[in-house]
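**Student:** just to be clear, the model below is a prediction. Sequence and coordinates:
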Amino acid sequence: MPAWTVPLADVVVPEEDIAVVADVYRSGWLSMGPRTEELERALAEYTGARHALAVTNGTAALHLICLAAGLGPGDEVIVPSLTFVASVNAVAYTGATPVFADIAALEQPWTPAAAVEAAITPRTKAIMAVAYGGHPGEIAELRALAGAHGLTLLEDAAHAIGAHHAGRHLGTFGAAGAFSFFSNKNLAVGEGGAVVTDDDALAARMRLLRSHGMTTLTWDRHRGHAAGYDVVALGFNYRIDEPRAALATARLARLDAENARRHELDRRYRERLADVDGLTPTAAPAHHIFTAFVAEGIDRDAVRKALAERRIQTSLHYPPIHHFSIYAEGAPELPLTDAYSSRAVTLPLFAGMTDEQQDLVVEALAAALALSLTHP
């Protein structure tokens, strides 16, 4: 692996986290059980949702909310193209058709209600809202739009654990929301995720589908709460395991403090980049990633290369999905998405990032941009 002076993201696992996981291994119960139940209670309390279900990864969470919403062949779901492909794949897994909508603006890389409304047809059944970078975007407007048209609002809140809008946790505006605990996320366990919902019927459906459509779990039978089980639906093995559940619970206790540090780093970036020519940050607030876009005519890839030469890692969020071979046929023109994706760059941001590391990023970025402006 490259020896990055400033990596894009970094996960610190303190000794207390290691001890928590070691205790699980010593317990002898590794499959979904009491630690998972503890995590689900903590997540429900943290997000304010009636139900939280821990699952094996964020993609499984997205698939479950799409399945529970009843999506299927003949249905259309309006989705952004500027997202990770799992947001769209989860729709396609059900047989429903993803319909792409453009972003609001280069400074606002999320799907606006106006673009969604323009894409509604008689076949539209749901809207998949994505909290890009942890930003709420127009989630309240999308909620109202879905209600007005009788559509189901689903939330890909993979970037948004700990993010709120109007006093409400993202992921709880729609019928159900999906979170990711992948290793570059704010609540990182390696692989893992969760779904939240206030709908009792949706929660019950997702519990069935999470574990093969079985009416009882191994943990239920181990405790003597059941002697057998029936299979009543075509389900999946989307269960999280106990070590990751315990790790997520431990890390959840520190999440607000770590997100506060991310917010401070976001503020420092904006302050220090305010006088740097050739770069415009996307709209605040953000707490998962820090994205910006270069001025027209600047070679974004050359800027990234210059930072890499100084051992500063950057990334792109995201290559537009409507250009991927699997989804390109019949895809609409999305000029703002295309413009943003060709000029955007994601800068390092993580809770353990030091001020000195951030200053190195700003210094290197300013130098690379100045060179590009001088020698276009």
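**Tutor:** In hand now; what should we look at?

**Student:** quick one: the helices in the stretch 1-150 of the chain?
**Tutor:** For the stretch 1-150 of the chain, applying DSSP state H, counting those that start in this stretch gives helices covering 15-27, 34-47, 58-68, 86-93, 113-119, 139-149.

**Student:** can you pull out the low-pLDDT segments for this protein?
**Tutor:** 1-2, 218-222, 224-227, 286, 376 (pLDDT under 70).

**Student:** which ones are touching the closest residue to residue 205 other than its chain neighbours?
**Tutor:** Sequence neighbours aside, residue 68 is the residue nearest to residue 205 in space, at 4.5 Å (criterion: C-beta to C-beta, 6 or more residues apart in numbering). (Glycine included, C-beta is placed from N, CA and C.) Residue 68 sits next to 176, 197, 202, 205-206, 209 when contact means C-beta atoms under 8 Å, 6 or more residues apart in numbering.

**Student:** so of the helices of the stretch 1-150 of the chain, which one's packed in deepest?
**Tutor:** helix 58-68 (a mean of 27; mean count of other C-beta atoms under 10 Å).

**Student:** now, which of the contacts of residue 68 lie within helices?
**Tutor:** The helices, defined by DSSP state H, take in 202, 205-206, 209 from the contacts of residue 68.

**Student:** would you confirm that residue 123 contacts residue 75?
**Tutor:** Yes - using C-beta atoms under 8 Å, residue 123 is in contact with residue 75, at 6.4 Å.

**Student:** following whichever strand or helix holds residue 337, which helix or strand comes up?
**Tutor:** Per DSSP states H and E: residue 337 is located in helix 335-343. Later in the chain than helix 335-343, the nearest helix or strand by DSSP H and E is strand 344-347.

**Student:** top of the ones in helices among the contacts of residue 68 by neighbour count?
**Tutor:** residue 206 (24 neighbours; other C-beta atoms under 10 Å).

**Student:** strand partners (parallel or antiparallel) of the biggest strand by length in the chain?
**Tutor:** Ranked by residue count and defined by DSSP state E, the top strand of the chain is strand 124-130. Applying DSSP bridges, strand 124-130 is found paired with strand 76-80 (parallel), strand 152-156 (parallel).

**Student:** want to throw those into a markdown table with mean neighbour count and distance to residue 35?
**Tutor:** Converted to a markdown table, these look like this (neighbours: other C-beta atoms under 10 Å; distance: least, C-beta to C-beta, whole Å):
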| stretch | mean neighbour count | distance to residue 35 |
| --- | --- | --- |
| strand 76-80 | 26 | 34 |
| strand 152-156 | 27 | 26 |
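
**Student:** between these, which one is nearest to residue 235?
**Tutor:** Each of those has some distance to residue 235 by C-beta to C-beta; the shortest is strand 152-156, at 19.2 Å.

**Student:** with just CA atoms, put the closest one into PDB.
**Tutor:** Taking C-alpha atoms only, strand 152-156 is exported to PDB below (Å, rounded to 0.1, in the frame of the first residue of the first chain):
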ATOM      1  CA  THR A 152     -42.700   5.500  -1.400                       C
ATOM      2  CA  LEU A 153     -39.600   7.500  -0.200                       C
ATOM      3  CA  LEU A 154     -36.600   5.300   0.500                       C
ATOM      4  CA  GLU A 155     -33.300   6.700   1.900                       C
ATOM      5  CA  ASP A 156     -29.800   5.700   1.100                       C
END
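
**Student:** and the helix or strand just after it, what does it pack onto?
**Tutor:** Next helix or strand after strand 152-156 toward the C-terminus (DSSP H and E): strand 164-165. Contact partners of strand 164-165 among helices and strands, from 3 or more C-beta pairs under 8 Å, 6 or more residues apart in numbering; DSSP states H and E: none.

**Student:** outside of strand 164-165, which residues touch it?
**Tutor:** Outside strand 164-165, the residues within contact range by C-beta under 8 Å, 6+ apart are 136, 139-140, 170, 173.

**Student:** neighbouring strands for it, and are they parallel or not?
**Tutor:** For strand 164-165, pairing defined by DSSP bridges yields strand 168-169 (antiparallel).

**Student:** chain center to the strand it pairs with: distance?
**Tutor:** Distance of strand 168-169 from its chain centroid, counting by C-alpha atoms, centre = their mean, to the nearest Å, is 15 Å.

**Student:** can you list contacts of that strand?
**Tutor:** Applying C-beta under 8 Å, 6+ apart, the contact partners of strand 168-169 are 46-49, 163.

**Student:** one more time with 7 Å, if that's ok
**Tutor:** Here strand 168-169 makes contact (C-beta atoms under 7 Å, 6 or more residues apart in numbering) with 47-48.

**Student:** before we move on, what about stretch 126-142?
**Tutor:** Residues outside stretch 126-142 that contact it (C-beta under 7 Å, 6+ apart): 69, 71, 77-80, 82-83, 87, 91, 109-113, 116, 146, 151-157, 159-160, 163, 165-166, 170, 173-174, 283, 285-289, 291.

**Student:** check stretch 262-276 too.
**Tutor:** 279, 281, 284-287, 290, 347, 349, 351, 353, 355, 358, 362, 365-366, 369.

**Student:** try it again at 8 Å.
**Tutor:** Under C-beta under 8 Å, 6+ apart, the answer for stretch 262-276 is 186, 279, 281, 284-288, 290, 292, 347, 349-351, 353, 355, 358-359, 362, 365-366, 369.

**Student:** for ChimeraX, what selects the buried ones among those?
**Tutor:** The ChimeraX command for the buried members of those (criterion: 16 or more other C-beta atoms under 10 Å) is given here:
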select :186,279,281,286,287,288,290,292,347,349,350,351,353,358,362,365,366,369
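
**Student:** thank you kindly, that will do.
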